[in-house]
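In: Predicted model and sequence follow; I will ask about them next.
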Amino acid sequence: MTPYAKATDQYLTQRVNGATPEQLVALLLEGAQRFLAQAVQAMSMKDYPAKGHAINRVSAIVEELALRLDPECESELATNLMRLYDWWGHEIISAGADLDSSRLERVSRQMGEMRQTWEQFHLTRVGTGEGAGFQAGGMVG
């Protein structure tokens, strides 16, 4: 491992360890977008093993997002997020198999919008001082 890679890993570890639940979701979405970009690039270069690896990483992140939903919560928000995550998962696999980068780019844009929403939600909670009592187990996203 290069010194740069080691420093990058340490920085990421610090970001994750110090993150609120909202920030963790935003970080997951950020990672998913990065892997979608890698998949699109690999498709354009006809590097199918790299495309498959990137698609698998995105799929794992989408699964993690779904696992973060509170199974006890029967809210409309939780239901809609689960539907969205299910659709993303299907769309990512299908678009990867069809070599349709435009569909992957659409999912990436949606993830970017969702990420901005979670970041705004975090800023609102921090600004109102509500973040301290927020527990990951009660998170719906």
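Out: Thanks, I have the structure now. Numbers count the residues shown, from 1 in each chain.

In: could you point out which element follows the strand or helix carrying Ala97?
Out: In this structure, Ala97 sits in helix 76-98 according to DSSP states H and E. Helices and strands here follow DSSP H and E; after helix 76-98, the next one along the chain is helix 101-128.

In: just to revisit the earlier point, show me which residues of the helix holding Ala97 are buried.
Out: Residues of helix 76-98 classed as buried by neighbour count (16 or more other CB atoms under 10 Å): 78, 81-82, 84-85, 88-89, 91-92, 95-96. Any C-beta I mention is one placed from the backbone N, CA and C, and that applies to glycine too.

In: what stretches of this protein score poorly on pLDDT?
Out: In the prediction, the chain carries residues with pLDDT under 70 at positions 1, 3-18, 128-141.

In: how does it look with 80?
Out: Counting by pLDDT under 80, the chain shows low-confidence ranges at 1-19, 71, 73-74, 126-141.

In: In space, what's closest to the residue positioned nearest the centre of the chain - neighbours in sequence excluded?
Out: The central residue of the chain, meaning the one whose C-alpha is nearest the mean C-alpha position (CA atoms, centre = their mean), is Leu29 at 2.3 Å. Distance criterion CB to CB, 6 or more residues apart in numbering; nearest residue to Leu29, sequence neighbours excluded, is Arg115 at 4.0 Å.

In: one step back: ok, the residue nearest to the centre of the chain touching Arg109?
Out: No - Leu29 sits out of contact with Arg109 when judged by CB atoms under 8 Å, with a separation of 11.4 Å.

In: ok, Gln33 touching Met111?
Out: Yes - counting by CB under 8 Å, Gln33 sits close enough to Met111 to count as a contact (5.2 Å).

In: So which of the two has more stuff around it?
Out: Comparing Gln33 with Met111 by neighbour count (other CB atoms under 10 Å), the higher total belongs to Met111, at 23 against 20.

In: Distance check, the more buried one against Lys46.
Out: To Lys46, Met111 is 25 Å away according to CB to CB, to the nearest Å.

In: got it, and Thr79?
Out: Taking CB to CB as the criterion, Thr79 is separated from Lys46 by 40 Å.

In: I am finished for the moment; much appreciated.
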